[in-house]
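In: Need a 3D model of the sequence below.
(chains A and B)
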There are 2 protein chains.
Amino acid sequence: MPVITFLPSYRKITVESGTTILDAARLAGFQMNVVCGGQGKCGKCIVFVKAGEVSFDREKFGRFFTGEELEAGGCLGCQAAVLGDLQVLIPESSLIQEQKILIESLGLETAFSPSVWKYALELQPPTLDDPSPDLTRLLWGIEKKGGPVVEKIYAPLEVLHLIPRVLRESGWRVTGTVALVPGGYRLINVEKGDTTAQLYGAAVDLGTTTIVVYVRSLVDGKVVGVASNYNRQITCGEDILSRVNYARKGGLPKLQALAAESINIALKSAANTAGIDLDDVYEVVVSGNTIMTHILMGMDPAYMIEEPYVPVVRRYLTASAQRLGITVNGNAGLFIFPAVSDFIGGDIVADILACGMSEGEDVSLMIDIGTNFEVVLGNRDWMFACAGAAGPALEGGEVLFGMRANPGAIERITLDMETLKPHYETINQVKPRGICGSGLIDLLAELLRACVIDRTGRINTNIPDDRVRMGAHHPEFVVAWKEETGIGKDIVITENDIKSLIMSKASILAACILLMKEAGIEREAVKKIYFSGAFGNYINKENAILVGLVPEVPVEQIRNIGNGAVEGANIALINRKMRKRLDEIAKTVAYIELNAEPAFMDEYTRASFLPHTDLSLFPGVQRILDSCRVRRG
Amino acid sequence: MPVITFLPSYRKITVESGTTILDAARLAGFQMNVVCGGQGKCGKCIVFVKAGEVSFDREKFGRFFTGEELEAGGCLGCQAAVLGDLQVLIPESSLIQEQKILIESLGLETAFSPSVWKYALELQPPTLDDPSPDLTRLLWGIEKKGGPVVEKIYAPLEVLHLIPRVLRESGWRVTGTVALVPGGYRLINVEKGDTTAQLYGAAVDLGTTTIVVYVRSLVDGKVVGVASNYNRQITCGEDILSRVNYARKGGLPKLQALAAESINIALKSAANTAGIDLDDVYEVVVSGNTIMTHILMGMDPAYMIEEPYVPVVRRYLTASAQRLGITVNGNAGLFIFPAVSDFIGGDIVADILACGMSEGEDVSLMIDIGTNFEVVLGNRDWMFACAGAAGPALEGGEVLFGMRANPGAIERITLDMETLKPHYETINQVKPRGICGSGLIDLLAELLRACVIDRTGRINTNIPDDRVRMGAHHPEFVVAWKEETGIGKDIVITENDIKSLIMSKASILAACILLMKEAGIEREAVKKIYFSGAFGNYINKENAILVGLVPEVPVEQIRNIGNGAVEGANIALINRKMRKRLDEIAKTVAYIELNAEPAFMDEYTRASFLPHTDLSLFPGVQRILDSCRVRRG
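Out: Okay, the predicted model is just below:
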């Protein structure tokens, strides 16, 4: 069979003839960029065949390559089939890179009332006068220590197998672990000696892109370890639709295993940091979007992406962590957040829990911007929610120099209003390689303030400045000259990029306004806007209002809740009463399907300006823009 | 590695040097007799090495062989280690033979209220206006058909995986299967179309020697198939202590697997007879003694056979049938009868349920005679139970021509009171090869009636009859002359055999009397005596009283309930209310440990006569014996 040698690492793998280079790279452990799921549509998995023969249609996929690249052996990894021994170079740009991940906690206060307990017991050994069965003796001990009554506790096979040996080898000094389960309690472990201090739980945000794990003591509720990791499913497709398509083609078991593996890697890392044993993790709470949780449970997500958009399950689920391949204690339970609909998943229910909007009278607006966006409006009595595709622009996609929040991304930017000279900050303080979402919002707002663009996003090419110029196809603004960048090229933003950004933000703003109209409330009634997700956390709030990403409210009423999905999972992990609230919350939320609302297109069109056609909705922004215009004349 | 060829079948197997012939024979699929569990103590696994070399201590184990047998290469399979290629003859006598098994049903009437239901549904397909999740749609359908309310039904992973495909491929016409579980209901299957007629359950008697399985429709409760099978654990030791010892040496997983395999064989056979698919068996109810049920559950039985005799669990257990290796529907539950103590297991609780003694006011005595014996005395308000070893005599062991109830066993016998000529019936009407338990009781009674033996069991050698003679060591009575037998030898019963039989019956009678004294009741208060088990079913009731196997009651008050263990399992399978009674019954029974009762030895001594020292307890027998004595003079 052909041997593929990957450069520059010289990692080798033997595959069958006809295997794609992408699959060979995966087998060799490379995590390649595959936005389209391997359909030859995104052009992200470029590789260079340095020696050997492949089958690849250079004419059909030529548009993804320059002439030089083709001469250098450029192919799409997903479309090039191995014919014999090869040497293949995978450029860094085709590999998924480490990303800046939000793992900060909101510091929300919640009651500590976990669902798992340990009881250290000193039992009387059996005698001829008291030959009670081992299990009865153990459960009596637990009841006497204030645990659930004997009759309410069920013991699974695995624990029944342990009991006789552990009781005797420990000299009848053991620790029993009991978990609350639907309909009663379960004895999930019995250990020698007093292990009551070793009792942990994990809260997991299972994101399409990123997994974040918190490990907490279930004795005092304190965080002992935090870790994050890429969702390894990314090698099967970057966006969620590619994943569902991959699942449809028989890839569901692989996606399920990758979800579990991704969680396991983060768990292990968090446990290592904390110096704890994963065997002492007795409960895992997972929030995630409906497709991610379906995949983790091994449930077919196919019917959620086609009319009439039907999930298998919406209510909360419990399962054995072990059965799902999660490497914590073998008897640990896994709790999965309920969803509102296919598009409003457990991650959004977690956001709602985390920001607290479902617990009070004040009306709040919660916006989660990630791969897609979700908006929830309401209070403890009513909630409306909708979801949509913001397009990739806010995450750096479809923008010429857009990039994810990786090292070298410009994340903050201001312009000198006179000289137009940008002042920017990059992630990791290295030379700029591109601009990430928060940088793009800043840039949009600053270009508007400086009157370089108008409210439609058009660049005023009459401005006499080197930075304002005509590019290959569109007018553009130079953010960084090639000498100052890490890529040897001018970093620019084009008028086309700006149009993409406006389309993205218009979707979000239109969704907010639609929900407000649905609820019959004005912007003044919105007492809080919560941003959830990495994007919201790094964004400049004034700029977000200026460009009309969200309705105008006093800036101090905008709050970042950080990663609401993991925050909500944390709350549910340590507070079983809030966990009970979840199904109620999910039922309170009315889902509005934007595609089914003719009004949405109208709102979208009106929102496709900076900040909106109707400036009376943005009185503060109007004042700022007026003063800018006056200044520039 | 050495190749062993087994004769007469020429079955071959390759094993490592040093393997015992017993292990090699097991690996080759032979079921050999191993009463002692392979300790070289019982001498039942004799083989003849016809060619090749073994390591075997002929001096140490010589007592099990005649000189001829040693010359013919006789060895104990368990003690002979393979040194090189061998030809080994396994005589038929060293193999476990097919046994007559009791599978007749008592025909008890019980309410039909099963714990598993099927619902045929015609669901509305989802629309944009009603995009409810698949699970909700299905559960609503079940609730509308009169099933449990949606919120009470839990769906396990396996079923969640099935649902979306089955709903769509069936055109939304499906059958949902729901089982009652602790704390609610479980959706255990969803199938295409209307499969409501295919709903079965199995009742299993997991005996030390024999497995009996009934398969019943859970639609109408009717029996559709019955089968029985040897407990394959028998190759790891014939009696229960040998099995526990085998488990102690790391053999528990093997014993567990053999228990499951034995049940599976019987299940398959019953299903084949009935023409049903085992996948349609949705529930399995198992009764068995405490050690057997511990082994089936994979729980360590070691602490039950040593002071202070502690089981792991006494209360009823539920488990996944699949997890235990039982090949019925993958989501079927398994229900295991609760036990009273290590020695009064779920089989006896099943006996109690089957004979109905726990449901009324009348005091009954229930006696289960099998490998061991158990006695229960009481009514719905109180019950006492005890257990003991009757010794092997009643099963044909330790009796020169005793044998199990196999073809050729004399099972009924009468003597001509004048000529002493026996009239006997053999199993399968073939030439006699020995005498089984019921035949031995008949023989004992008839010899007593004929005054061939006195009440101590001594043979009156003064009787001038060829059949009464001095044997090699003891006086003996010839039951069949060698010409009429299938073994070419006279079949006799010796005075020593009679002593063994009296010791066995004395244990049982003493246990009955002890319980009656414990309860403070006279024999007149005992309204019913129930025999459970194969032995009880074939026994002559008059003779059982005559020899003093049980207290004297009017013979019409004695009833055979057949295999009470499987009968009770059947009742629990089809009547969930009776299943709930089981823990109550088990708690009502007070266990009396005979070894801890000094009074037992006294009772035993008094019972070691035919029928008892105190004939006032057996007034009817006294009249019979008086008339016999008068007749013979």
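In: Pick out the residue of chain A closest to chain B.
Out: With Cβ to the nearest Cβ, the shortest gap between chain A and chain B falls at residue A:183, namely 1.7 Å. Heads up, the C-betas are built off the backbone N, CA and C, glycines and all.
In: count of neighbours near that residue?
Out: Residue A:183: 15 surrounding residues under other Cβ atoms under 10 Å in any protein chain shown.
In: Quick one: residues contacting it.
Out: With contact taken as Cβ atoms under 8 Å, 6 or more residues apart in numbering or on different chains, residue A:183 is in contact with B:181-184.
In: how about a cut-off of 10 Å?
Out: By Cβ atoms under 10 Å, 6 or more residues apart in numbering or on different chains, the residues touching residue A:183 are A:152, A:154, B:152, B:154, B:181-185.
In: tell me what the lowest-mean-pLDDT helix or strand in chain A is packed against?
Out: Across the helices and strands of chain A, mean confidence by mean pLDDT, DSSP states H and E is lowest for helix A:534-538: a mean of 77. Applying 3 or more Cβ pairs under 10 Å, 6 or more residues apart in numbering or on different chains; DSSP states H and E, we find helix A:534-538 packed against strand A:363-369, helix A:437-449, strand A:526-532, strand A:558-562.
In: So which of the contacts of residue A:183 wins on neighbours?
Out: The most crowded member of those, judged by other Cβ under 10 Å, is residue B:185 (22 neighbours).
In: Wasn't it part of a strand?
Out: Yes - read with DSSP: H, G, I helix; E, B strand; the rest coil, residue B:185 is one of the residues of a strand.
In: Which of the residues in stretch A:350-359 are classified as buried?
Out: Under the neighbour-count criterion of 16 or more other Cβ atoms under 10 Å in any protein chain shown, stretch A:350-359 has A:350-358 buried.
In: re the thing from before, tell me the first helix or strand C-terminal of the least confident helix or strand of chain A.
Out: Beyond helix A:534-538 on the C-terminal side, the first helix or strand identified by DSSP states H and E is helix A:541-546.
In: chain center to that following helix: distance?
Out: On the basis of Cα atoms, centre = their mean, to the nearest Å, helix A:541-546 sits 23 Å off its chain's mean C-alpha point.
In: which bits of the stretch 401-550 of chain A sit near chain B?
Out: Residues of the stretch 401-550 of chain A lying close to chain B (Cβ under 10 Å from any Cβ of the partner chain): none.
In: pretty sure residue A:550 is in contact with residue A:542, am I right?
Out: No - the pair residue A:550 and residue A:542 fails to qualify as a contact (Cβ atoms under 10 Å) at a distance of 11.4 Å.
In: quick one, which of those two is more surrounded?
Out: A count of neighbours by other Cβ under 10 Å puts residue A:550 above the other of residue A:550 and residue A:542, at 26 against 15.
In: which ones are touching residue A:306?
Out: Under the criterion of Cβ under 10 Å, 6+ apart, the neighbours of residue A:306 are residue A:244.
In: Let's verify it: helix, strand, or coil?
Out: At residue A:306 the chain is in coil, as set by three-state DSSP.
In: quick one: pLDDT of it?
Out: In this model, residue A:306 is scored at 89, pLDDT.
In: all helices for the stretch 451-600 of chain A, in order.
Out: Counting by DSSP state H, counting those that start in this stretch, the stretch 451-600 of chain A has helices at residues A:495-519, A:534-538, A:541-546, A:564-574, A:576-588, A:598-607.
In: Throw the ones you listed into CSV and include distance to residue A:477, thanks.
Out: Output for these, formatted as CSV (distance: least, Cβ to Cβ, whole Å):
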stretch, distance to residue A:477
helix A:495-519, 9
helix A:534-538, 22
helix A:541-546, 16
helix A:564-574, 34
helix A:576-588, 44
helix A:598-607, 23
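In: nearest to residue B:419, of those?
Out: Closest approach to residue B:419 among the helices of the stretch 451-600 of chain A is made by helix A:576-588 (84.7 Å; Cβ to Cβ).
In: if we can go back for a sec, winner for burial among the helices of the stretch 451-600 of chain A?
Out: Of all the helices of the stretch 451-600 of chain A, helix A:564-574 carries the top mean neighbour count, a mean of 30, counting by mean count of other Cβ atoms under 10 Å in any protein chain shown.
In: And the next helix or strand past the host helix or strand of residue A:12?
Out: Assigned by DSSP H and E, residue A:12 belongs to strand A:11-14. For strand A:11-14, the following helix or strand on the C-terminal side (DSSP H and E) is helix A:21-27.
In: what secondary structure does residue A:376 sit in?
Out: Following three-state DSSP, we place residue A:376 in the strand state.
In: do the same with the one 5 residues further on
Out: Secondary structure of residue A:381, reduced to three states by three-state DSSP: coil.
In: Contact partners for residue A:592?
Out: With Cβ under 10 Å, 6+ apart, residue A:592 has these contacts: A:341, A:344, A:375, A:377, A:384-387, A:511, A:514-515, A:518, A:600.
In: Please name the residues that touch residue A:264.
Out: The contact partners of residue A:264, by Cβ under 10 Å, 6+ apart, come to A:211, A:213, A:229, A:232, A:278, A:325-328.
In: In the stretch 101-250 of chain A, mark out all the strands, start to finish.
Out: Shown for the stretch 101-250 of chain A, the strands assigned by DSSP state E, counting those that start in this stretch span residues A:116-122, A:153-154, A:173-181, A:184-192, A:200-206, A:210-217, A:223-230.
In: okay, the nearest residue to residue A:341 once chain neighbours are set aside: pLDDT?
Out: Sequence neighbours aside, residue A:591 is the residue nearest to residue A:341 in space, at 4.3 Å (criterion: Cβ to Cβ, 6 or more residues apart in numbering or on different chains). Here, the pLDDT recorded for residue A:591 equals 93.
In: partner residues bridging residue A:591?
Out: Beta bridges link residue A:591 to residue A:385, judged by DSSP bridges.
In: That one against residue B:132, yeah?
Out: No - checked against Cβ under 10 Å, the pair residue A:591 and residue B:132 is beyond contact range at 11.9 Å.
In: now the stretch 101-250 of chain A, which segments are flagged as low pLDDT?
Out: A:101-109 (pLDDT under 70).
In: Return the residues of it in contact with chain B.
Out: Residues of the stretch 101-250 of chain A found near chain B (Cβ under 10 Å from any Cβ) are A:125-139, A:150-152, A:154-158, A:160-165, A:167-168, A:181-185.
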